[in-house]
Every structure is written in C-alpha cells, then in structure tokens.
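Any chance you can model this:
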Amino acid sequence: MDRNESIFLAGHRGLVGSAILRRLKSDGFGRVLTRSHAELDLTNKAVVADFFAREKPAIVIAAAARVGGIKANNEQPVEFLLGNLEIQNNLIRAAHEQGARKLLFLGSSCIYPKFAPQPIPESALLGGPLEPTNEAYALAKIAGIKLCQAYAREYGANFISAMPTNLYGPNDNFDLATSHVLPALLRKAHEAKNSGARELVVWGSGTPRREFLHVDDLADACLFLLQNYDNPEIINVGAGEDISIRELAELICEIVGFDGALGWDASQPDGTPRKLLDSAKIHSLGWKPKISLRDGIARTYEWFQRETLSGGS
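Predicted structure coming up:
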C-alpha cells in the first residue's frame, strides 16, 4: 500500500474503526478520510454516492455497522438487518462506481451456522441454520460478503472480506443493555467490586465457549490483508483458541479485583454453544495475533477506568 493513497475508513469511531485509524496513523498513512454520522449518513444512497464522487478514495475499509450483543440483536432485528444492508450496499456500490482500487469488508463470525464444525472453517458459510438471536445481523453480513464476491466475479473488483472473531478493546461498548459479553462482564465486575457486592450474576450457564481477539490485533490483520490478500473468498481472523464464559468471568474478576462469588442466570440465553474460528488460512499467510487475552483484558480495563468512567458513563 502506498502511504500517500487516499483511504476512506467508514466507521472510524467504533471499536474496529478506531483501532484501524490508530494503526494507519502510526504507520504513516497521511490521507485517511473519516466522516462522522452527522457529516455522512451511510444509510443515504445519494449522500454516499456524492461523497465518493468528490473524494474518489483508492482504498475503502468498510468497518461501519450497527452492532450489539444478544439482547439488542434479539429485540431489534429490523434495525440490525435493514440498517446494515443500507450501509454496506451504499459503500460497496459507490466504491465500484468511483473506481476504488481495493475494498475490505469486515464481516463477523456470527455469519456461520449455529452448529458449525469446530473450529469453524470458511467453507462452513451457509452450511446450516444461523443462531436465532443474531440472525438479522448475520444475514446482513452474509449479503455484504456475497455483494463483494459478485462485484469481483462480474467486474473484477478487488473487494475482499474478513471475518473477525469476537473482538474487544479500547472504544468498546460498555452499556449493559447493548454490549457484548466481555465488556459487559468487565463493567459488571467493576461495579460489583465498587459496591461491595458478594455475588456477580452472569447471563446463561457459563458453559458456551468463545474466542476473543484484541481489536489492535484485528487492525494489524486488516493492514496485512490489504497488503497481502486479493482473493474474494472470505478469510477468518481469530486468535486460534477459545475459553468458556465461566473461565472468562473468573479471569475478568481476577483482573478487576472482585473476589465475590459468581452466580448464573440460566433463564437467559447462552447463544451458540461454541464459536472458534479456523484461522489457518491467514496464519499460513504469515499473520498471527500478538496480544494475549489476559494482557488484552488488563489493557481494556485500564482504558475503561481512564476514558469511560472519567467521561461520566
């Protein structure tokens, strides 16, 4: 990648986008285009088309999406399906129409079937029913993948799609109503510690297993793929190991310093029983994550205390 090329990073304020922006800046990329939602409504086809016609970015990174945890996905399927379809359709179409040299579309591990083989290979896509609690979001992401592949097949576009595993890190969402499991547990443990609670109640049974990747490692993988991967076939980006939710909760309590008991609310959904990506493809190309789960959670907790709490959240 030429460090003087124009790069449009959609979603620069989110968990993923902010990490990619930090990485691009630290690596000396001087022409990174960013726009807030107030400046550029990605759900508006005409507005997006006009922006691309003016700026004509050489590279597009589609990191913008409506995201949330089990509760939000389950309760707002229309918003998650329609909103994400609008965002990605507008970005992908405009990138092609204005001659972008390359586009990176960021999907999600939730695109895979609920009972996919473990670890989950890229070939598992569309191999069975999706997890119902996040089906709307998954369907939108699958449509984005297929649209990128369609542009590659029909027009020869260099549009690639990466499927990250569960992510966490700075700028994560710590709102208990909409957050994913790791930041939700981090906040709950912090509040339990500060309130002197004797017990921390966690949703579900604690038995599901999840893989977690620090978002700075994903940012590193995104630059690696932009420089080294030109295949329209999807590629997984994961750490290569998973952990049970019970083990995760215990690790978070240890890092936060909460020494009370853990309780389990079995009336709440567990979601997919296990979700570990087979990341052999990207690992074979020469990319590997660098941040351990313990170190990554400790860094994230430091950021949470410094940035989120000081901001009055």
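
use CA for all of it now, contacts and neighbours both
Fine.

Could you tell me which residues make contact with Arg246?
If you count contacts by C-alpha atoms under 8 Å, 6 or more residues apart in numbering, Arg246 has them with Gly206, Thr207.

Quick check, pLDDT for it.
pLDDT for Arg246: 97.

Can you show me the CA trace of the helix or strand harbouring it as PDB?
Take DSSP states H and E as the rule and Arg246 turns out to sit in helix 245-256. Taking Å, rounded to 0.1, in the frame of the first residue of the first chain, the C-alpha atoms of helix 245-256 are listed here in PDB:
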ATOM      1  CA  ILE A 245     -17.800 -17.900  29.600                       C
ATOM      2  CA  ARG A 246     -17.200 -19.200  33.200                       C
ATOM      3  CA  GLU A 247     -13.500 -19.100  32.700                       C
ATOM      4  CA  LEU A 248     -13.700 -15.700  31.100                       C
ATOM      5  CA  ALA A 249     -15.800 -14.400  34.000                       C
ATOM      6  CA  GLU A 250     -13.300 -15.800  36.500                       C
ATOM      7  CA  LEU A 251     -10.400 -14.200  34.600                       C
ATOM      8  CA  ILE A 252     -12.100 -10.800  34.500                       C
ATOM      9  CA  CYS A 253     -12.900 -10.900  38.200                       C
ATOM     10  CA  GLU A 254      -9.300 -11.700  38.900                       C
ATOM     11  CA  ILE A 255      -8.100  -8.800  36.800                       C
ATOM     12  CA  VAL A 256     -10.600  -6.300  38.200                       C
END
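
Please state the offset of it from the chain centre?
Helix 245-256 sits 21 Å away from the centroid of its parent chain (C-alpha atoms, centre = their mean, to the nearest Å).

got the buried residues for it?
Buried residues in helix 245-256, counted by 16 or more other C-alpha atoms under 10 Å: Ile245, Arg246, Leu248, Ala249, Glu250, Leu251, Ile252, Cys253, Ile255, Val256.

Nearest residue to the fourth one in space, please, no chain neighbours.
Nearest in space to Ala249, with sequence neighbours left out and distances taken as C-alpha to C-alpha, 6 or more residues apart in numbering, is Leu185 at 6.6 Å.

ok, now which ones touch Tyr151?
Contacts of Tyr151 by C-alpha under 8 Å, 6+ apart are His96, Ala157, Phe159.

would you list every one of the strands in the stretch 201-313 of the chain?
Assigned by DSSP state E, counting those that start in this stretch, the strands in the stretch 201-313 of the chain fall at 209-210, 212-214, 235-237, 243-244, 261-265, 274-275.

Of the ones you listed, give the one that comes closest to Ser123.
strand 235-237 (9.8 Å; C-alpha to C-alpha).

which outside residues touch that closest one?
109, 121-122, 161-165, 218, 221, 277-279, 281-282.

can you give me the helices in the stretch 151-300 of the chain?
181-195, 215-228, 245-256, 280-285, 293-303 (DSSP state H, counting those that start in this stretch).

could I get those as TSV with distance to Val78?
Below are those laid out as TSV (distance: least, C-alpha to C-alpha, whole Å):
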stretch	distance to Val78
helix 181-195	22
helix 215-228	27
helix 245-256	28
helix 280-285	33
helix 293-303	31
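
Next SSE downstream of the helix or strand of the chain with the lowest mean pLDDT?
Ranked by mean pLDDT, DSSP states H and E, the weakest helix or strand in the chain is helix 70-75, scoring a mean of 75. Moving toward the C-terminus from helix 70-75, the next helix or strand (DSSP H and E) is helix 77-97.

Quick one: name whatever helix or strand follows that following helix.
strand 102-106.

who does that following strand pair up with?
Using DSSP bridges, strand 102-106 pairs in its sheet with strand 59-62 (parallel), strand 159-164 (parallel).

who's in contact with it?
In contact with strand 102-106 (C-alpha under 8 Å, 6+ apart) are residues 58-63, 92, 95, 144-145, 148, 157-164, 222, 226.

do the same with stretch 53-72
5-12, 14, 16-17, 73, 80, 83-84, 87-88, 91, 95, 98-106, 133-134, 137, 177-181, 271.
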